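Trainee: Below are the sequence and a predicted model; questions follow.
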Amino acid sequence: MADRTRAPIKVAVSGAAGNIGYALLPLLASGRVFKERPVELRLLEIPQAIKSLEGTRMELVDAPSRAWPTSSAQPIQRCRAIDDAASPDVRVLVVANPSNTNCLVALTEASSVPSKNFCALSFLDHQRARAQVARRLGVRAGRVRNVIVWGNHSETQYP
């Protein structure tokens, strides 16, 4: 059981109603990531996805977890809130596509946070690129190394 006397770790998840956010949230809420520490999830999404986000939030509320989810459709204001209120050693993981662009927006709006503390989640794109290279080479994806994904999650992306 989470130690409710300790201050919760505040985790903002952009693109929370998307497939990656939806898969990530139960891990964050379950206690697997931060062990016994309580978690306060801030679910961020674009206005068009708020209805889906509310369903995701309700699932988290109904599930046994160590998290308290809140949701918002104001990503720019949330990025500014990071700048105004977050600890200087905050880590920002951006999930919402286009993740690279959204990460740049967050980095720009939260300019007091070191740029090394921001990361755009492009792992799915990375894995897909490895699989494409492996297929062309006729090897298993696990044998493919040093793959870089350049660009946003779109048709302009180059593995």
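Mentor: Cool, the structure landed. Residues are numbered from 1 along each chain as shown.
Trainee: Past the helix or strand of the chain with the lowest mean pLDDT, which element shows up next along the chain?
Mentor: Lowest by mean pLDDT, DSSP states H and E among the helices and strands of the chain is strand 67-72, with a mean of 58. Sequence order places helix 75-85 as the next helix or strand after strand 67-72, per DSSP states H and E.
Trainee: Check which strands are paired with the next helix or strand after that next one and give the direction for each one.
Mentor: Downstream of helix 75-85, the next assigned helix or strand under DSSP H and E is strand 92-94. If you go by DSSP bridges, strand 92-94 pairs up with strand 118-120 (parallel).
Trainee: For the residue of the chain most remote from its centre, give me the pLDDT.
Mentor: Going by CA atoms, centre = their mean, the residue of the chain most distant from its centre is Gly138, 32.7 Å out. Listed pLDDT for Gly138 reads 95.
Trainee: likewise Thr5?
Mentor: Note on Thr5: pLDDT of 64.
Trainee: hey, where'd the helices end up in the chain?
Mentor: Using DSSP state H, the helices of the chain run over 19-30, 50-62, 75-85, 99-109, 123-137.
Trainee: Pick out the shakiest of those helices, pLDDT-wise.
Mentor: helix 75-85 (a mean of 76).
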